[in-house]
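Visitor: this is the structure alone, sequence omitted:
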(Lines give C-alpha, C1' and ligand atoms only; values in the text may rest on other atoms or scores of the structure.)
Protein backbone atom coordinates (compact mmCIF):
# COMPACT_ATOMS: atom_id res chain seq x y z
CA UNK A 1 0.00 0.00 0.00
CA UNK A 2 1.19 3.54 -0.77
CA UNK A 3 2.41 5.55 2.25
CA UNK A 4 -0.17 8.24 1.34
CA UNK A 5 -3.02 5.72 1.53
CA UNK A 6 -1.76 4.29 4.78
CA UNK A 7 -1.83 7.80 6.27
CA UNK A 8 -5.41 8.28 5.01
CA UNK A 9 -6.37 4.98 6.63
CA UNK A 10 -4.74 6.06 9.91
CA UNK A 11 -6.39 9.51 9.99
CA UNK A 12 -9.75 8.03 8.99
CA UNK A 13 -9.52 5.52 11.86
CA UNK A 14 -8.64 8.34 14.29
CA UNK A 15 -11.67 10.41 13.17
CA UNK A 16 -13.97 8.94 15.82
CA UNK A 17 -14.08 9.66 19.58
CA UNK A 18 -14.86 6.01 20.52
CA UNK A 19 -11.94 4.70 18.48
CA UNK A 20 -9.63 7.31 20.04
CA UNK A 21 -10.86 6.26 23.51
CA UNK A 22 -10.17 2.59 22.65
CA UNK A 23 -6.61 3.50 21.62
CA UNK A 24 -6.16 5.48 24.86
CA UNK A 25 -7.21 2.40 26.85
CA UNK A 26 -4.87 0.13 24.82
CA UNK A 27 -1.93 2.48 25.36
CA UNK A 28 -2.01 1.31 29.01
CA UNK A 29 -1.78 -2.38 27.99
CA UNK A 30 -3.40 -5.20 25.99
CA UNK A 31 -7.11 -5.91 26.65
CA UNK A 32 -9.85 -8.28 25.52
CA UNK A 33 -12.88 -7.06 23.57
CA UNK A 34 -15.03 -7.48 26.69
CA UNK A 35 -12.61 -5.42 28.78
CA UNK A 36 -12.49 -2.73 26.08
CA UNK A 37 -16.28 -2.60 25.78
CA UNK A 38 -16.92 -2.36 29.56
CA UNK A 39 -16.66 1.46 29.98
CA UNK A 40 -18.84 2.18 26.91
CA UNK A 41 -22.63 2.26 26.76
CA UNK A 42 -22.33 0.49 23.42
CA UNK A 43 -23.14 -3.03 22.23
CA UNK A 44 -20.32 -5.54 21.81
CA UNK A 45 -20.89 -5.73 18.02
CA UNK A 46 -20.58 -1.91 17.80
CA UNK A 47 -17.27 -2.04 19.72
CA UNK A 48 -16.09 -4.94 17.52
CA UNK A 49 -16.84 -2.86 14.44
CA UNK A 50 -14.69 0.01 15.77
CA UNK A 51 -11.90 -2.46 16.62
CA UNK A 52 -12.02 -3.82 13.05
CA UNK A 53 -11.51 -0.29 11.68
CA UNK A 54 -8.50 0.15 13.99
CA UNK A 55 -7.17 -3.29 12.99
CA UNK A 56 -7.52 -2.52 9.27
CA UNK A 57 -5.54 0.69 9.84
CA UNK A 58 -2.95 -1.44 11.70
CA UNK A 59 -3.33 0.76 14.75
CA UNK A 60 -4.08 -2.37 16.76
CA UNK A 61 -3.39 -6.09 16.37
CA UNK A 62 -5.21 -9.04 17.90
CA UNK A 63 -3.15 -11.89 19.29
CA UNK A 64 -3.84 -15.16 17.47
CA UNK A 65 -2.35 -17.31 20.21
CA UNK A 66 -4.15 -16.60 23.47
CA UNK A 67 -7.71 -17.91 23.58
CA UNK A 68 -9.08 -14.51 24.73
CA UNK A 69 -7.33 -12.88 21.70
CA UNK A 70 -6.24 -9.65 23.40
CA UNK A 71 -5.98 -6.45 21.35
CA UNK A 72 -2.81 -4.42 21.52
CA UNK A 73 -1.82 -1.00 20.28
CA UNK A 74 0.68 -0.80 17.41
CA UNK A 75 3.25 1.97 17.31
CA UNK A 76 4.17 2.37 13.61
CA UNK A 77 1.04 4.12 12.17
CA UNK A 78 0.88 6.47 15.17
CA UNK A 79 4.52 7.41 14.61
CA UNK A 80 3.94 7.99 10.86
CA UNK A 81 0.89 10.17 11.52
CA UNK A 82 2.78 12.17 14.17
CA UNK A 83 5.70 12.61 11.76
CA UNK A 84 3.27 13.97 9.17
CA UNK A 85 1.74 16.41 11.71
CA UNK A 86 5.20 17.51 12.84
CA UNK A 87 5.86 19.08 9.41
CA UNK A 88 3.31 21.71 10.37
CA UNK A 89 4.69 22.36 13.84
CA UNK A 90 6.89 25.18 12.54
CA UNK A 91 3.87 26.70 10.81
CA UNK A 92 1.60 26.78 13.86
CA UNK A 93 4.38 27.64 16.27
CA UNK A 94 5.15 30.71 14.13
CA UNK A 95 1.45 31.64 14.14
CA UNK A 96 1.18 31.30 17.91
CA UNK A 97 4.46 33.17 18.41
CA UNK A 98 3.06 36.02 16.32
CA UNK A 99 -0.19 35.98 18.33
CA UNK A 100 1.90 35.97 21.51
CA UNK A 101 3.93 38.96 20.32
CA UNK A 102 0.71 40.79 19.43
CA UNK A 103 -0.80 40.11 22.88
CA UNK A 104 2.41 41.31 24.58
CA UNK A 105 2.29 44.45 22.46
CA UNK A 106 -1.32 45.07 23.54
CA UNK A 107 -0.32 44.44 27.17
CA UNK A 108 2.65 46.86 26.91
CA UNK A 109 0.32 49.52 25.50
CA UNK A 110 -2.05 48.97 28.42
CA UNK A 111 0.85 49.34 30.91
CA UNK A 112 2.08 52.61 29.38
CA UNK A 113 -1.47 53.90 29.25
CA UNK A 114 -2.26 52.80 32.80
CA UNK A 115 -0.53 55.70 34.70
CA UNK A 116 -2.76 58.07 32.80
CA UNK A 117 -5.89 56.46 34.25
CA UNK A 118 -5.21 56.94 38.02
CA UNK A 119 -3.89 60.42 37.21
CA UNK A 120 -7.19 61.26 35.60
CA UNK A 121 -9.01 59.83 38.60
CA UNK A 122 -6.77 61.75 41.02
CA UNK A 123 -7.28 64.95 39.05
CA UNK A 124 -10.95 64.23 39.15
CA UNK A 125 -10.69 63.63 42.93
CA UNK A 126 -8.74 66.79 43.48
CA UNK A 127 -11.14 68.84 41.45
CA UNK A 128 -13.86 67.41 43.66
CA UNK A 129 -11.88 68.50 46.74
CA UNK A 130 -11.34 71.87 45.15
CA UNK A 131 -15.03 72.28 44.69
CA UNK B 1 -18.79 22.06 19.27
CA UNK B 2 -17.22 19.47 21.59
CA UNK B 3 -13.42 19.24 21.46
CA UNK B 4 -13.80 15.51 20.68
CA UNK B 5 -15.95 16.25 17.63
CA UNK B 6 -13.61 18.95 16.44
CA UNK B 7 -10.74 16.44 16.54
CA UNK B 8 -12.85 13.94 14.55
CA UNK B 9 -13.56 16.65 11.98
CA UNK B 10 -9.83 17.45 11.75
CA UNK B 11 -8.71 13.83 11.37
CA UNK B 12 -11.50 13.13 8.88
CA UNK B 13 -10.37 16.12 6.77
CA UNK B 14 -6.75 14.89 6.91
CA UNK B 15 -7.78 11.40 5.72
CA UNK B 16 -7.29 12.23 2.03
CA UNK B 17 -4.02 12.62 0.07
CA UNK B 18 -5.36 15.51 -2.08
CA UNK B 19 -6.49 17.46 0.99
CA UNK B 20 -3.12 16.86 2.68
CA UNK B 21 -1.37 18.09 -0.50
CA UNK B 22 -3.58 21.23 -0.50
CA UNK B 23 -2.59 21.92 3.12
CA UNK B 24 1.09 21.41 2.24
CA UNK B 25 0.75 24.00 -0.54
CA UNK B 26 -1.06 26.45 1.77
CA UNK B 27 1.64 26.09 4.45
CA UNK B 28 3.90 28.04 2.05
CA UNK B 29 1.38 30.92 1.76
CA UNK B 30 -2.17 31.90 0.80
CA UNK B 31 -3.40 30.87 -2.66
CA UNK B 32 -6.48 31.18 -4.87
CA UNK B 33 -8.57 28.15 -5.82
CA UNK B 34 -7.13 28.30 -9.37
CA UNK B 35 -3.57 28.36 -8.04
CA UNK B 36 -4.35 25.45 -5.72
CA UNK B 37 -5.95 23.41 -8.50
CA UNK B 38 -3.10 23.94 -11.02
CA UNK B 39 -0.81 21.02 -9.98
CA UNK B 40 -3.69 18.51 -9.80
CA UNK B 41 -5.23 16.56 -12.65
CA UNK B 42 -8.61 17.24 -11.09
CA UNK B 43 -11.55 19.42 -12.04
CA UNK B 44 -12.04 22.76 -10.30
CA UNK B 45 -15.34 21.60 -8.71
CA UNK B 46 -13.53 18.54 -7.29
CA UNK B 47 -10.83 20.77 -5.77
CA UNK B 48 -13.51 23.15 -4.44
CA UNK B 49 -15.21 20.20 -2.75
CA UNK B 50 -11.97 19.24 -1.00
CA UNK B 51 -11.44 22.88 0.04
CA UNK B 52 -14.93 22.95 1.52
CA UNK B 53 -14.11 19.91 3.67
CA UNK B 54 -10.93 21.66 4.90
CA UNK B 55 -12.89 24.87 5.53
CA UNK B 56 -15.59 23.02 7.51
CA UNK B 57 -12.80 21.50 9.66
CA UNK B 58 -11.42 25.06 10.09
CA UNK B 59 -8.07 23.88 8.71
CA UNK B 60 -8.32 26.67 6.14
CA UNK B 61 -10.17 29.96 5.88
CA UNK B 62 -11.12 31.95 2.78
CA UNK B 63 -10.62 35.68 2.84
CA UNK B 64 -13.90 37.55 2.39
CA UNK B 65 -12.22 40.83 1.47
CA UNK B 66 -10.02 40.26 -1.56
CA UNK B 67 -11.91 39.63 -4.80
CA UNK B 68 -9.86 36.48 -5.55
CA UNK B 69 -10.78 35.15 -2.07
CA UNK B 70 -7.44 33.47 -1.24
CA UNK B 71 -7.41 30.39 0.99
CA UNK B 72 -5.08 30.30 3.94
CA UNK B 73 -4.02 27.61 6.37
CA UNK B 74 -5.24 27.85 9.97
CA UNK B 75 -2.99 26.81 12.82
CA UNK B 76 -5.35 25.89 15.69
CA UNK B 77 -6.82 22.53 14.52
CA UNK B 78 -3.37 21.33 13.40
CA UNK B 79 -1.99 22.18 16.83
CA UNK B 80 -4.85 20.37 18.61
CA UNK B 81 -4.43 17.25 16.45
CA UNK B 82 -0.65 17.27 17.04
CA UNK B 83 -1.23 17.64 20.78
CA UNK B 84 -3.52 14.60 20.67
CA UNK B 85 -0.92 12.56 18.75
CA UNK B 86 1.82 13.65 21.16
CA UNK B 87 0.15 11.72 24.02
CA UNK B 88 1.22 8.56 22.22
CA UNK B 89 4.80 9.67 21.58
CA UNK B 90 5.98 8.04 24.80
CA UNK B 91 4.21 4.82 23.79
CA UNK B 92 5.79 4.50 20.35
CA UNK B 93 9.17 5.82 21.45
CA UNK B 94 9.27 3.05 24.08
CA UNK B 95 8.32 0.48 21.44
CA UNK B 96 11.00 1.66 19.05
CA UNK B 97 13.57 1.81 21.87
CA UNK B 98 12.74 -1.80 22.71
CA UNK B 99 13.02 -2.79 19.03
CA UNK B 100 16.35 -0.95 18.89
CA UNK B 101 17.61 -2.79 21.97
CA UNK B 102 16.51 -6.09 20.45
CA UNK B 103 18.29 -5.36 17.15
CA UNK B 104 21.46 -4.39 19.03
CA UNK B 105 21.22 -7.64 20.99
CA UNK B 106 20.92 -9.61 17.73
CA UNK B 107 23.87 -7.69 16.30
CA UNK B 108 25.98 -8.40 19.40
CA UNK B 109 25.13 -12.11 19.11
CA UNK B 110 26.15 -12.06 15.45
CA UNK B 111 29.50 -10.47 16.32
CA UNK B 112 30.30 -13.09 18.97
CA UNK B 113 29.09 -15.88 16.68
CA UNK B 114 30.85 -14.56 13.56
CA UNK B 115 34.22 -16.31 14.14
CA UNK B 116 32.36 -19.64 14.07
CA UNK B 117 30.93 -19.07 10.57
CA UNK B 118 34.14 -18.59 8.53
CA UNK B 119 35.64 -21.54 10.48
CA UNK B 120 32.78 -23.77 9.30
CA UNK B 121 33.25 -22.58 5.72
CA UNK B 122 36.98 -23.15 5.93
CA UNK B 123 36.47 -26.65 7.33
CA UNK B 124 34.04 -27.32 4.48
CA UNK B 125 36.60 -25.96 2.00
CA UNK B 126 39.32 -28.11 3.45
CA UNK B 127 37.21 -31.21 3.38
CA UNK B 128 36.62 -30.52 -0.34
CA UNK B 129 40.38 -30.15 -0.83
CA UNK B 130 40.88 -33.37 1.05
CA UNK B 131 38.52 -35.20 -1.27
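Guide: The structure has been received and is ready for your questions. As the structure is a computational prediction, the values presented were derived from the model and not from experiment.

Visitor: so residue A:85 sits against residue B:83, correct?
Guide: No - the criterion here is Cβ atoms under 8 Å, and residue A:85 misses it with residue B:83 at 9.4 Å. Using the backbone N, CA and C atoms, a C-beta is placed for each residue, glycine as well.

Visitor: more crowded one of the two?
Guide: More crowded of residue A:85 and residue B:83, by other Cβ atoms under 10 Å in any protein chain shown: residue A:85, with 20 against 11.

Visitor: can whichever strand or helix holds that one be said to contact chain B?
Guide: Using DSSP states H and E, the element containing residue A:85 is helix A:76-86. Yes - contact of helix A:76-86 with chain B (Cβ under 8 Å from any Cβ of the partner chain) involves A:76, A:78, A:79, A:81, A:82, A:84, A:85, A:86.

Visitor: report all helices and strands that that helix contacts.
Guide: Judged by 3 or more Cβ pairs under 8 Å, 6 or more residues apart in numbering or on different chains; DSSP states H and E, helix A:76-86 is in contact with helix A:3-14, helix B:76-86, helix B:89-113.

Visitor: format those helices as JSON lines; extra columns: distance to residue A:36 and mean pLDDT.
Guide: What follows is these, written out as JSON lines (distance: least, Cβ to Cβ, whole Å; pLDDT from 0 to 100):
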{"stretch": "helix A:3-14", "distance to residue A:36": "15", "mean pLDDT": "91"}
{"stretch": "helix B:76-86", "distance to residue A:36": "19", "mean pLDDT": "91"}
{"stretch": "helix B:89-113", "distance to residue A:36": "17", "mean pLDDT": "83"}
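
Visitor: how far away is the residue nearest the centre of chain A from residue B:76?
Guide: For chain A, the residue nearest the mean C-alpha position is residue A:20 (10.3 Å; Cα atoms, centre = their mean). Separation of residue A:20 from residue B:76 (Cβ to Cβ, to the nearest Å) stands at 18 Å.

Visitor: so residue A:32 sits right up against residue A:63, yeah?
Guide: No - the criterion here is Cβ under 8 Å, and residue A:32 misses it with residue A:63 at 9.8 Å.

Visitor: so what sits against both of the two?
Guide: Residues touching both residue A:32 and residue A:63 by Cβ atoms under 8 Å, 6 or more residues apart in numbering or on different chains: A:69, A:70, A:71.

Visitor: tell me which of those residues fall in strands.
Guide: Secondary structure defined by DSSP state E assigns residue A:71 of those to strands.

Visitor: just the buried subset of the shared contacts of residue A:32 and residue A:63, please.
Guide: Burial by neighbour count, judged by 16 or more other Cβ atoms under 10 Å in any protein chain shown, picks out A:70, A:71 from these.

Visitor: which parts of chain A sit against chain B?
Guide: Residues of chain A lying close to chain B (Cβ under 8 Å from any Cβ) are A:4-5, A:7-12, A:14-17, A:20, A:23-24, A:27, A:73, A:75-76, A:78-79, A:81-82, A:84-89, A:91-92, A:95-96.

Visitor: for ChimeraX, write the selection for the buried entries among those.
Guide: In ChimeraX, a selection of the buried entries from the residues of chain A next to chain B looks like this (16+ other Cβ under 10 Å):
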select /A:7,8,9,10,11,12,14,15,16,20,23,27,73,75,78,79,81,82,84,85,88,91,92,95
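
Visitor: name the residues that touch the helix or strand containing residue A:23?
Guide: For residue A:23, the host element (DSSP H and E) is helix A:17-26. Applying Cβ under 8 Å, 6+ apart, the external contacts of helix A:17-26 come out as A:13-14, A:31, A:36, A:39-40, A:42, A:47, A:50-51, A:53-54, A:59-60, A:71-73, B:4-5, B:7-8, B:84, B:87-88.
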